[in-house]
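Colleague: Here's my sequence, what's the structure:
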Amino acid sequence: MSMEEREGYVYMAKLAEQAERYEEMVMFMKKLSNLDVEVTIEERNLLAVAYKHAIGARRGAWRILCAIVQKEEAKGNEYNVKRVKEYRFKVEEELCKICNDILVIIDEHLLPSSGTSERKIFFYKMKGDYYRYLAEFKRGDEREEAANQSLKAYRAAFNMSEADLPQAHPVRLGLALNFSVFYYEIMGSPERACRLAKQAFDEALTEMDSLSEDSYKDSTLIMQLLRDNLTLWTPDIQDNGGNDRIRLDHYGIMQNGKVSTPFDR
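Modeller: Got it, this is the predicted structure:
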């Protein structure tokens, strides 16, 4: 592997991103990942952005199709229900392919090549994310397996982050954000989701002054998302008979809303 080859993949991935050709961005970053070298933060973020766009549009399409199925079922239009479900299955096959693709890359190339705790945490979190995306649409035993694998990856990342990353570090906060979404959406546990999100928010609040400017901006944005989720989820706890009313402190948000360390929800 020559440095020129590696730099070429990065350049072409950036070019594909600017052209909004995310499938090709995925292809270039997959080639780089297969080189079995420890990726830089820039390369790691390019990989995450590429797969985020590839999966994001299809997750959105799947949710829209689910809503249409419900509408057609309410109308009693079984023929349209059948057609929409067949179309939804096509989207699910694409989702499976993308998720399985990145999960193999993480297990076979990215994690073995990661020499620092921060990189391992990032990729274990990413592994948890893509198993969570599988659990969103899988059914029965397949859903249970995807949920279990997601939980296992998130827990591995979470335990490492508690030991090795500052409480206000953006990677640790991004993990807490996505792990809490997992508890809320996949496990159906708003109490656990809120507890995890609030703990991460409160702990990070005490360390914000020690962050660099870039990390401060990233962490502040993620904290705002944690706060937004807590505001959204707290009524569910009250509806379920929970006694703890979560009180939220307002915290600032970066002006341009762009985070330099990408994460998925």
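Colleague: which residues does residue 201 contact?
Modeller: 223, 226, 227, 230, 248 (C-beta atoms under 8 Å, 6 or more residues apart in numbering). C-betas here are computed from N, CA, C, even on glycine.
Colleague: Where does confidence bottom out across those residues?
Modeller: The lowest pLDDT within the contacts of residue 201 belongs to residue 248, with 37.
Colleague: tell me what the helix or strand hosting residue 124 is packed against?
Modeller: Assigning secondary structure by DSSP states H and E places residue 124 in helix 117-137. Counting contacts by 3 or more C-beta pairs under 8 Å, 6 or more residues apart in numbering; DSSP states H and E, helix 117-137 packs against helix 41-75, helix 78-105, helix 111-113, helix 140-164, helix 170-181.
Colleague: So which of those is the most surrounded?
Modeller: helix 170-181 (a mean of 26; mean count of other C-beta atoms under 10 Å).
Colleague: just the angle between the helix or strand that comes right after it and helix 170-181, please?
Modeller: Following helix 170-181 in sequence order, the next helix or strand is helix 190-205 (DSSP H and E). Helix 190-205 runs at 160 degrees relative to helix 170-181, counting by axes from the mean of the first three to the mean of the last three C-alpha atoms, to 10 degrees.
Colleague: any idea how far the following helix or strand past helix 190-205 is from the chain center?
Modeller: Counting by DSSP H and E, the element after helix 190-205 in chain order, helix or strand, is helix 213-239. Distance of helix 213-239 from its chain centroid, counting by C-alpha atoms, centre = their mean, to the nearest Å, is 15 Å.
Colleague: next one: stretch 187-201
Modeller: Stretch 187-201 sits 16 Å away from the centroid of its parent chain (C-alpha atoms, centre = their mean).
Colleague: So which bits of it are buried?
Modeller: By 16 or more other C-beta atoms under 10 Å, the buried positions in stretch 187-201 come out as 189, 190, 193, 194, 195, 196, 197, 198, 200, 201.
Colleague: likewise stretch 30-43?
Modeller: Buried, per 16+ other C-beta under 10 Å, within stretch 30-43: 30, 32, 33, 39, 43.
Colleague: Pull out the C-alpha coordinates of the helix holding residue 124 and format them as CSV.
Modeller: Output in CSV follows, covering the C-alpha atoms of helix 117-137 (Å, rounded to 0.1, in the frame of the first residue of the first chain):
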residue,chain,number,x,y,z
SER,A,117,-9.2,3.5,23.0
GLU,A,118,-10.9,6.4,21.3
ARG,A,119,-10.9,4.7,17.9
LYS,A,120,-12.1,1.4,19.3
ILE,A,121,-14.9,3.2,21.2
PHE,A,122,-15.9,5.0,17.9
PHE,A,123,-16.1,1.7,16.0
TYR,A,124,-17.8,-0.2,18.7
LYS,A,125,-20.4,2.6,18.8
MET,A,126,-20.7,2.4,15.1
LYS,A,127,-21.2,-1.3,15.3
GLY,A,128,-24.0,-0.8,17.8
ASP,A,129,-25.6,1.8,15.5
TYR,A,130,-25.8,-0.5,12.5
TYR,A,131,-27.1,-3.5,14.4
ARG,A,132,-29.7,-1.1,15.8
TYR,A,133,-30.7,-0.1,12.3
LEU,A,134,-31.2,-3.8,11.5
ALA,A,135,-33.3,-4.2,14.6
GLU,A,136,-35.6,-1.4,13.5
PHE,A,137,-37.1,-3.5,10.7
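Colleague: tell me the contacts of residue 173?
Modeller: When contacts are counted by C-beta under 8 Å, 6+ apart, residue 173 touches 200, 204, 219, 222, 223, 226.
Colleague: Which segments of the protein make up each domain?
Modeller: 1-113, 117-265 (automatic domain parsing).
Colleague: Most neighbours among the contacts of residue 173, which one is it?
Modeller: For these, the largest neighbour count, defined by other C-beta atoms under 10 Å, is 29 neighbours, found at residue 219.
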